[in-house]
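Engineer: Let me see the structure of the following:
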Amino acid sequence: MTSTAQASTEPQRDRERTRAEILDVATAEFAAAGYAGARVDEIAAATRTTKRMIYYYFENKKQLYMAVLQRAYMRIRDAEQDVDVAHLDPVTAVRRIAETTFDHHEAHPDFIRLVCVENIHRAEHLAELVQTVDLRTPVVHQLDVLLRRGREQGVFRPGCDAIDLHMMISSYCFFRVANRHTFGAIFDRDLVDPAERGHYRTMLGDMVVRFLAA
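Structural biologist: Purely as a prediction, here's the structure:
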């Protein structure tokens, strides 16, 4: 039986598990080698499937990479949506959102590497992906609401919009993971040292709320 025939007769749960396993391995491969350097043969060798089976699920290398990108972005979007800040005061809520981004980026270094890869390619694949999939972050809406509430309560100053704030939070969290090795080589300081994690997490929250303070 061919790989295509095997996939078509595979139970749905097994197909979903196989697809997820391929995406896990492909994420690591693309993050480590980039789009051009990644090899589908290597991905197949590291999974319980074949190159032909991978192409059954994803058609070609480009579509596999696009699926990896989509899943990586959807995971951070899901994490953002899980943050319940409706019952919190604006200052605490903004800090909580910043900490969620901090935690996610630290826990998913492959996401950071994929973003770096895509920037090298000038967002060529991501620009195509957003034509069919909405990857806009729901946290921007949350931040917009919180900024308005904070201004109404007199605890946030005017002049900062939600996208600016999202950029500020993301840049700190991204830098800490993406530049860990270069920063460490220059300053002999490990930005993801577990002993310093609480310090850097608090530092992010302090930076954000002090920037917004009225």
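Engineer: quick one, longest helix in this protein?
Structural biologist: helix 12-37 (DSSP state H).
Engineer: Check which helices and strands whichever helix or strand comes after that helix sits against.
Structural biologist: In the C-terminal direction, the helix or strand that comes right after helix 12-37 (DSSP states H and E) is helix 40-45. On a contact count with 3 or more Cβ pairs under 8 Å, 6 or more residues apart in numbering; DSSP states H and E, helix 40-45 meets helix 12-37, helix 51-58, helix 61-81. (C-beta placed from N, C-alpha, C; glycine too.)
Engineer: could those go into a markdown table alongside mean pLDDT, mean neighbour count and distance to residue 87?
Structural biologist: Listed next are the helices and strands packed on helix 40-45 as a markdown table, based on pLDDT from 0 to 100; neighbours: other Cβ atoms under 10 Å; distance: least, Cβ to Cβ, whole Å:
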| stretch | mean pLDDT | mean neighbour count | distance to residue 87 |
| --- | --- | --- | --- |
| helix 12-37 | 93 | 16 | 34 |
| helix 51-58 | 95 | 19 | 42 |
| helix 61-81 | 95 | 18 | 16 |
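Engineer: Switch those over to TSV; also include distance to residue 102.
Structural biologist: Compiled in TSV, these are given as follows (distance: least, Cβ to Cβ, whole Å):
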stretch	distance to residue 102
helix 12-37	20
helix 51-58	32
helix 61-81	11
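Engineer: Can you pull out the low-pLDDT segments for the chain?
Structural biologist: Per-residue confidence for the chain (pLDDT under 70) gives these ranges: 1-10.
Engineer: Break it into its domains for me.
Structural biologist: Following automatic domain parsing, the chain resolves into domains at 1-59, 72-212.
Engineer: Any chance of TSV for those domains, columns distance to residue 66?
Structural biologist: Formatted as TSV, these follow (distance: least, Cβ to Cβ, whole Å):
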stretch	distance to residue 66
domain 1-59	8
domain 72-212	6
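Engineer: wait, which of the helices and strands packed on helix 40-45 is closest to residue 121?
Structural biologist: Comparison of the helices and strands packed on helix 40-45 against residue 121 by Cβ to Cβ identifies helix 12-37 as nearest, at 6.4 Å.
Engineer: which helices and strands sit right next to that closest one?
Structural biologist: Short answer (3+ Cβ pairs under 8 Å, 6+ apart): helix 12-37 packs on helix 40-45, helix 51-58, helix 61-81, helix 109-120.
Engineer: Adding distance to residue 186 as columns, could you present those helices in a markdown table?
Structural biologist: Listed next are these as a markdown table, based on distance: least, Cβ to Cβ, whole Å:
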| stretch | distance to residue 186 |
| --- | --- |
| helix 40-45 | 32 |
| helix 51-58 | 40 |
| helix 61-81 | 28 |
| helix 109-120 | 18 |
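Engineer: Show the backbone phi and psi for residue 48.
Structural biologist: Backbone geometry at residue 48, expressed as degrees, to the nearest 10, gives phi -90, psi 30.
Engineer: can you tell me which residues contact it?
Structural biologist: Going by Cβ atoms under 8 Å, 6 or more residues apart in numbering, residue 48 touches 18, 21.
Engineer: ok, residue 38 to residue 129 distance?
Structural biologist: Going from residue 38 to residue 129 by Cβ to Cβ, to the nearest Å gives 17 Å.
Engineer: who's more crowded, those two?
Structural biologist: residue 38 (21 against 18; other Cβ atoms under 10 Å).
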